[in-house]
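K.L.:
Okay, predicted coordinates and the sequence, questions at the end:
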Amino acid sequence: MSSNLAPHEVTVEEYKGNKIFKIYKVDDQGNELEKYGTIISFGITKAKYLLEHMDDIKKFVDTYSNE
């Protein structure tokens with residue numbers, strides 16, 4: 001699946017004192033693209049919900065990725 005995605009990296013940063021997980025687009029040298037570079041970012045609570053529903057997310061991707 002990831003072979004079809006634009007080059008990206010992940011990092012853990014801090015926002016207002018809370019840790020956030022961030023997935024962002026990079027150029028060919030691995031530098032973050034400044035404009036619209038962040039694909040998604042979320043904190044611990046949302047990460048827990050995502051993990052709890054990982055099978056549902058996979059089913060969603062499998063079902064609708066070819067549309």
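P.N.:
Sure thing, it's come through. Note that this is a predicted model, so its numbers are computed, not measured.

K.L.:
Neighbouring strands of the helix or strand hosting Glu14 in the sheet, and parallel or not?
P.N.:
The secondary structure element spanning Glu14 is strand 8-15 (assigned by DSSP states H and E). For strand 8-15, the paired strands and their directions (DSSP bridges) read strand 18-25 (antiparallel).

K.L.:
I'd like the average pLDDT over the partner strand.
P.N.:
The predicted model assigns strand 18-25 a mean pLDDT of 95.

K.L.:
any idea how far Glu67 is from Lys22?
P.N.:
Between Lys22 and Glu67 the distance, using Cβ to Cβ, to the nearest Å, works out to 27 Å. (Glycine included, C-beta is placed from N, CA and C.)

K.L.:
the more surrounded of these two?
P.N.:
Higher neighbour count among Lys22 and Glu67: Lys22, with 17 against 4, using other Cβ atoms under 10 Å.

K.L.:
Spatially nearest residue to the more buried one (excluding sequence neighbours)?
P.N.:
In space, and not counting its chain neighbours, Lys22 is closest to Ser41: 4.2 Å by Cβ to Cβ, 6 or more residues apart in numbering.

K.L.:
Could you pull up the residues touching that neighbour?
P.N.:
With contact taken as Cβ atoms under 8 Å, 6 or more residues apart in numbering, Ser41 is in contact with Glu13, Tyr15, Ile20, Phe21, Lys22, Ile23.

K.L.:
again, only this time at 7 Å
P.N.:
With Cβ atoms under 7 Å, 6 or more residues apart in numbering as the criterion, the residues that contact Ser41 are Ile20, Phe21, Lys22.
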